[in-house]
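Participant: the following block contains a protein sequence and its predicted model.
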Amino acid sequence: YQRRVHGAFQGGSTTMFDKPVVVDCRGHLLGRVASTLAKELLNGQKVICVRCEGLVVSGSLTRNQIKYKHFLRKRMNTNPKKGPIHFRAPGRILWRTIRGMIPHKTKRGAAALERLKVYEGVPPPYDKKKRMVIPDALKVLRLKPHRKYTWLGDLSTKVGWTYQSLIAKLEAKRKVKASAWYEQKKFVNGLQTRAAAVVAGAAPAPAAAPAKAKAAPKAAAGKAAKKH
């Protein structure tokens with residue numbers, strides 16, 4: 001994904017791509033992926049984020065839970081229904097984080113935010129599309145191995161999100177289907193490779209065929225002589 005973005009900037013275009021990009025958020029740091037996607041959305045790129053429950057927040061689960069409890073205390077004194085709204089789902093937490101990095105009260109920012117879609121798990125039709133990663137936001141590249149971290153799905157479950165087990169079941173089913181599809185794809189690719197090899201080696205085959213045909217009568221004549 002990062003290479004594609006750099007290639008677009010080298011072309012000198014003010015917009016990114018008309019084709020939507022599906023980003024697999026598992027194993028990415030929340031803030032880093034949000035800042036990268038906010039810039040792309042403002043440049044005109046359509047982005048679909050899947051597996052948002054696999055996002056990572058630096059710090060232990062207890063620490064992040066305490067911070068979120070402080071956030072839940074922030075509300076309007078006279079009418080709490082007017083905001084701020086405290087989202088519990090991982091996808092909506094990512095959406096709200098990106099919204100904070102976009103001037104969403106302007107027409108440009110509102111249009112950018114409409115280009116973003118967030119999902120827990122990988123719902124269809126995105127389960128059959130190529131998913132990209134953002135190297136600059138990966139936990140394994142940006143967080144030291146000894147540092148503590150929290151899965152966003154676990155944090156959401158602690159603060160009121162109730163669909164973690166359901167998403168896990170759906171993901172297990174999806175992975176079984178994806179594994180079967182991949183095995184079938186490998187089998188078909190193997191057949192195509194063998195067929196291409198046979199076609200490539202078919203040219204010298206006619207020259208060798210007549211020699212075998214001539215050898216057959218000699219063997220038959222030898223057997224006839226032995227009988228006599």
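Facilitator: The structure has been received and is ready for your questions.

Participant: isn't G59 right up against L143?
Facilitator: No: contact criterion Cβ atoms under 8 Å: G59 and L143 do not qualify, at 10.3 Å. (C-beta placed from N, C-alpha, C; glycine too.)

Participant: what sits in contact with each of those two?
Facilitator: Y149 (Cβ atoms under 8 Å, 6 or more residues apart in numbering).

Participant: for K148, see how far away A197 is.
Facilitator: From A197 across to K148, the span is 53 Å (Cβ to Cβ, to the nearest Å).

Participant: could you do C52 as well?
Facilitator: Distance from C52 to K148, counting by Cβ to Cβ: 21 Å.

Participant: with neighbour numbers in mind, choose between those two.
Facilitator: Legend: neighbour count by other Cβ atoms under 10 Å for C52 and K148, higher for C52 (28 against 12).

Participant: surely the more buried one and D24 touch.
Facilitator: No: between C52 and D24 there is no contact under Cβ under 8 Å: 9.9 Å.

Participant: in contact with I102, which residues are there?
Facilitator: Counting by Cβ under 8 Å, 6+ apart, I102 has contacts 38, 41-42, 109, 112-113.

Participant: show me where the protein dips below the pLDDT cut-off.
Facilitator: For the chain, residues meeting the criterion pLDDT under 70 lie at 1-18, 202-228.

Participant: mind listing the strands for this structure?
Facilitator: 21-24, 47-50, 56-58, 116-118, 131-132, 149-151 (DSSP state E).

Participant: helices or strands up against the fifth one?
Facilitator: When you say that, I think you mean strand 131-132. strand 21-24 (3 or more Cβ pairs under 8 Å, 6 or more residues apart in numbering; DSSP states H and E).

Participant: for W95, which non-adjacent residue is spatially closest?
Facilitator: V118 (5.0 Å; Cβ to Cβ, 6 or more residues apart in numbering).

Participant: can you get me a residue count around the residue lying closest to N64 once chain neighbours are set aside?
Facilitator: Distances taken as Cβ to Cβ, 6+ apart put T150 closest to N64, at 4.8 Å, once the chain neighbours are dropped. T150 has 20 neighbours, counted by other Cβ under 10 Å.
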